[in-house]
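>>> only geometry, no sequence info:
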């Protein structure tokens, strides 16, 4: 089934709102879907030592992420009754206010879409080798830390 | 025999390169001690090790053509 095929989750730069709208529209023909759940991650202007973050630069071990995602996708389709699942994570620079993560799950009934979407966001943050570097207005940088990390 | 070593995230601040080739290493423990000799501040860092894109928790034998990655805590999303 084409919706279960593995492909890269990476998207160069910020994810445009138009892409999100277009992706929703594409599902209009899949009439067995009764529920979509969408998570959007947006780059926040965190303050650190009186300086505000202006962007995050993302890098990843792309080959490893794409290989891991095949296993993770299979496990999600096993666990949840999903019609389809689409995941996009930005690489490169994403400015404050722009979208860096787009998780989109669809199912016949809402519970599967909602639970799969939530679990996928947690999995992405915890298990995938992706790194964010926070960039400040004065060009100084700090490696981003996720709450779940050591 | 050569092993490819990849560095990611804050580890690249120490190494200043994203990859290097290392010759004759019997296992991952030996490889890490060699890397620490070359980059002493690595010894203070926390990182995961992946061998051929699979996370490893224990010392593992290396063969020519293997890829080892040093990955600091993830911060995607």
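Here it is on my side, so go on. Predicted model only: the values in this text are computed from it and were never measured.
>>> Would you mind measuring from residue A:85 to residue A:142?
According to Cβ to Cβ, to the nearest Å, residue A:85 stands 32 Å off from residue A:142. C-beta: built from backbone N, CA, C; applies to glycine.
>>> So between the two, which is more surrounded?
Neighbours around residue A:85 and residue A:142, counted as other Cβ atoms under 10 Å in any protein chain shown, are more numerous at residue A:85. The numbers are 22 against 16.
>>> quick check, that one in a strand?
Yes: judged by DSSP: H, G, I helix; E, B strand; the rest coil, residue A:85 forms part of a strand.
>>> Regarding the spatially most central residue of chain A, what is its secondary structure?
Centroid-nearest residue in chain A, with Cα atoms, centre = their mean: residue A:101, separated by 3.2 Å. State at residue A:101, reduced to three classes by three-state DSSP: strand.
>>> Now it. Nearest residue, chain neighbours left out?
Excluding its sequence neighbours, the residue lying closest to residue A:101 (Cβ to Cβ, 6 or more residues apart in numbering or on different chains) is residue A:41, at 3.2 Å.
>>> Does the one you found touch residue A:99 like I think?
Yes: under the criterion of Cβ atoms under 8 Å, residue A:41 is in contact with residue A:99, at a separation of 6.7 Å.
>>> rewinding a little: quick one, what contacts the residue nearest to residue A:101?
With contacts defined as Cβ atoms under 8 Å, 6 or more residues apart in numbering or on different chains, residue A:41 is in contact with A:99, A:100, A:101, A:102, A:121, B:77.
>>> same thing with residue A:113?
Listed by Cβ under 8 Å, 6+ apart, the contact set of residue A:113 reads A:35, A:36, A:37, A:80, A:82, A:105, A:106, A:107.
>>> Flag every residue of chain B that's near chain A.
B:6, B:8-10, B:13, B:46, B:48, B:50, B:53, B:69, B:71-77 (Cβ under 8 Å from any Cβ of the partner chain).
>>> Buried subset of the residues you listed, written for ChimeraX?
The following ChimeraX selection, which keeps only the buried ones among the residues of chain B next to chain A, applies the criterion 16 or more other Cβ atoms under 10 Å in any protein chain shown:
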select /B:6,8,9,10,50,53,69,71,72,73,74,75,76,77
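>>> what number of residues lie near residue 58?
By default, I'm working from chain A. With neighbours defined by other Cβ under 10 Å, the count for residue A:58 comes to 25.
>>> ah, no, chain B please
Counted with other Cβ under 10 Å, residues neighbouring residue B:58 total 8.
>>> follow-up on the earlier one: select from the contacts of residue A:113 every entry located in helices.
Within the contacts of residue A:113, no residue falls in helices by DSSP state H.
>>> quick one: contacts for the residue in chain B that chain A sits nearest to?
In chain B, the residue that lies nearest chain A is residue B:76 (2.9 Å; Cβ to the nearest Cβ). By Cβ under 8 Å, 6+ apart, the contact list for residue B:76 reads A:58, A:60, A:89, A:101, A:124, A:125, A:128, A:129, A:130, A:131, A:132, A:146.
>>> Looking at chain A, which residue is nearest chain B?
Evaluated by Cβ to the nearest Cβ, chain A has residue A:130 as its residue closest to chain B, separated by 2.9 Å.
>>> Read off the pLDDT value for that residue.
Per-residue confidence (pLDDT) for residue A:130: 98.
>>> what's residue 56 in contact with, if anything?
Let's take chain A. Residues touching residue A:56, when contacts are defined by Cβ under 8 Å, 6+ apart, comprise A:43, A:93, A:94, A:100, A:132, A:133, A:134, A:135, A:144.
>>> oops, chain B please
Residue B:56 sits next to B:28, B:49, B:50 when contact means Cβ under 8 Å, 6+ apart.
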